[in-house]
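Novice: okay, predicted coordinates and the sequence, questions at the end:
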2 protein chains.
Amino acid sequence: MIIGIIGGGQLAKMMILAGYPMGQEFIVLDPAPDAAAGRVAKQIVGAYDDPDKLRELIALADVITFDFENVPADAIQVIAEQTRVFPGAKALATAQDRLSEKQLFKQLNIPVPAFHCVDSAADLEDAIETTGLPAVLKTRRLGYDGKGQKVLRNREDLNGAFEAIGMQAAIAEQWIEFEREVSLIAVRDQHGNIAFYPLVHNMHEHGILRISKAPYDNPELQAQAQQLVTPLLEKLDYVGVHATEFFVKEGQLIANEMAPRVHNTGHWTIEGAGVSQFENHLRAITGLPLGTTEAHSHAAMINFISELPPVEKILSIPGCHYHDYGKKPRPNRKVGHATLRASSESKLQSKIDAIMEIVDSTKSSRS
Amino acid sequence: MIIGIIGGGQLAKMMILAGYPMGQEFIVLDPAPDAAAGRVAKQIVGAYDDPDKLRELIALADVITFDFENVPADAIQVIAEQTRVFPGAKALATAQDRLSEKQLFKQLNIPVPAFHCVDSAADLEDAIETTGLPAVLKTRRLGYDGKGQKVLRNREDLNGAFEAIGMQAAIAEQWIEFEREVSLIAVRDQHGNIAFYPLVHNMHEHGILRISKAPYDNPELQAQAQQLVTPLLEKLDYVGVHATEFFVKEGQLIANEMAPRVHNTGHWTIEGAGVSQFENHLRAITGLPLGTTEAHSHAAMINFISELPPVEKILSIPGCHYHDYGKKPRPNRKVGHATLRASSESKLQSKIDAIMEIVDSTKSSRS
């Protein structure tokens, strides 16, 4: 079975490494000649929406999937008409647009922050009547890692806010003073079976995911999250791995956003769960039975951002695994991660602290 | 870091997949244009002892290792003079020759079956005076999976025995009526630190490994095995993963043979141990700290021999992983394996039975 992946970053790379043992073959489409996944599989160098390159990919692959969801909707439609593609056009189109996403959540009774559409600076006043203050103004499309966002703390912040995000179609959202952020990684197969990983507790730094810890062991929230996500996956006729990020406030989940793909907050599953999110995604899209999503023990994932800490130092911490994406260092770029395992949460925390010390000392020694 | 691997079979393939996350790159040398590892890394197509191809490999790689130990000693010597190669020439030369191997074991007080050198048919009489009957006549070189062996049950079997193994330099060994076979996978780093995996219980079928189960939980035998193997690794100044196969008889270990490489009886470590034998081998040869060798739970490895059972059936068994080496089916060829995990030995056994049923029904449906 040959799998075509649109996007050749670290998500594609990790998917490929999970698929090779099962005898699967891969071809990625990515505009960067030095794409991370291109080092471990065949690559077509080209734009995600280049019709010739897409045709080439479709001709070579038995099934198409994504490491990058912001593929133009037209391109996805073209692919979907010609071959099997998972997840489908509907899921991608919804996830690409924060407004459609929030509207769908609302329609399915998934709690969301109050939100309002902002198509011009003039809409801001109306918007904050709905959302209150503080609020967050976000572009509807192409935002990630906190990019294309502006916090509106007071009325003065409204001035120039729409210009600050590039005068693009936007959405204003109520600011949630949350206690923590969690995510639910789910996988649904072609028969409609769904498996859920344990909830993950996520910590961000400057808008970028820094640490994920699993399992976030809260049976009530786990049940709540699974109950919310199940109709969402069914509505989208979803196949593959899907991630939903939630805020936790007063014991309730409020959906922040979803990703129609394997997710950074699920990287710990490579070494920390029975079957990783990458293998389960591949099993789902190729029609194989889903594997166990149980966590072996306590696990954490720490992103390496901008640059890699020395591998020999990181691996000197017992129970640690090192992932180097093969990407050039660049400010705020995710270039790798570590996975940690421990038999208890407190032991896990000591190891996280040890890693963060190495990460911080790498930074200071180079600056 | 670029690692050159001599031999491009499934061992090289699994090593490569373990090294990619750590940012390592690979190039394999193998005469078969469709070598398993060549599907996931760069390959030089050429004989293991082709001087030009070896020079090409040495020029490209920072360090050299093996997936196949029967590389001519001259070739290894040439490589060792020009670059770093782990394990070293001494370990490979010893492991290539059953007589040198047994002599070294004996010198280090590692219990072995009584043995005697057989250089001609005329030596057989002397040999069985040492070994008794039954005995096994084995070629000194290039034997594996029971090939190049002849069992001598009685004096009549001596007639034509030397001819039957191809009139090659041989060794006669006492027949051990063992209770079970176990193996110890060890890894030694460049500073002399050694880590041991738990003992593995191995079951063969027609001379070919069929099932490995871990851990073989016997603290006394574990201690005994580690005590026997430690001086062996030190004597050989060994770096990398090393496997020793033992017979168990009346609570004692008797060494059968060693392999200077990652080993079929260690494949369960990919999903069943903290850090796999493949990752630990790479950590050792590239100067990185060794990782934990602890088993997560109970694990088993089942070889797929001659042909692959259907992946969708195998993966329907919970806690199961499928490995397809990408090799053409051929009688008695190892073409893949399954790894199983379970929380108890009895649950593991039910899953092994389920896999074997699928394997057997595949065979019968195709014959």
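Specialist: Nice, I can see it.
Novice: all contacts plus neighbour counts: C-alpha atoms, from now on.
Specialist: Fine.
Novice: near chain B, which residues of the stretch 1-150 of chain A show up?
Specialist: By CA under 8 Å from any CA of the partner chain, the part of the stretch 1-150 of chain A that sits against chain B consists of A:14, A:17, A:20-23, A:40-41.
Novice: do that again at 7 Å, thanks
Specialist: Residues of the stretch 1-150 of chain A lying near chain B by CA under 7 Å from any CA of the partner chain: A:17, A:21-23, A:40.
Novice: okay, the residue most central in space within chain A: pLDDT?
Specialist: The centroid of chain A falls nearest to A:His263 when counting by CA atoms, centre = their mean (3.4 Å). At A:His263, the model reports a pLDDT of 98.
Novice: part of a strand, is A:Arg283?
Specialist: No - secondary structure of A:Arg283 (DSSP: H, G, I helix; E, B strand; the rest coil): helix, not part of a strand.
Novice: how far away is the residue nearest to the centre of chain A from A:Glu69?
Specialist: Computed as CA to CA, to the nearest Å, the A:His263 to A:Glu69 distance reads 11 Å.
Novice: SS state for the residue nearest to A:Asp49 when sequence neighbours are not counted?
Specialist: Distances taken as CA to CA, 6 or more residues apart in numbering or on different chains place A:Ala75 nearest to A:Asp49, at 5.4 Å, with adjacent residues excluded. Following three-state DSSP, A:Ala75 is assigned to helix.
Novice: thinking A:Ala75 is in contact with A:Asp52, fair?
Specialist: No - using CA atoms under 7 Å, A:Ala75 makes no contact with A:Asp52, being 11.1 Å away.
Novice: out of the two, which sits in the busier spot?
Specialist: A:Ala75 (15 against 11; other CA atoms under 10 Å in any protein chain shown).
Novice: can you give me the mean pLDDT across stretch A:38-52?
Specialist: Averaging pLDDT residue by residue across stretch A:38-52 gives 93.
Novice: quote the end-to-end distance of it.
Specialist: Distance across stretch A:38-52, first residue to last, is 19 Å (CA to CA).
Novice: check which residues of the longest helix along chain A are buried.
Specialist: Identified as the longest helix of chain A according to DSSP state H is helix A:345-366. When neighbours are counted by 16 or more other CA atoms under 10 Å in any protein chain shown, the buried residues of helix A:345-366 are found to be A:345, A:348-349, A:351-352, A:355-356, A:358-359.
Novice: ok, and the closest non-adjacent residue to A:Glu345?
Specialist: Nearest residue to A:Glu345, sequence neighbours excluded (CA to CA, 6+ apart): A:His298, at 6.2 Å.
Novice: so the one you found sits against A:Arg341, correct?
Specialist: Yes - the pair A:His298 / A:Arg341 is scored as a contact, 5.6 Å apart, by CA under 7 Å.
Novice: so what sits against both of those two?
Specialist: A:Leu348 (CA atoms under 7 Å, 6 or more residues apart in numbering or on different chains).
Novice: shaky segments in the stretch 251-367 of chain A?
Specialist: Applying pLDDT under 70 to the stretch 251-367 of chain A flags residues A:364-367.
Novice: around chain B, which positions in it sit nearby?
Specialist: The stretch 251-367 of chain A has residues A:274, A:288-289, A:291-292, A:312, A:315-316, A:318-319, A:322-326 near chain B, with proximity defined as CA under 7 Å from any CA.
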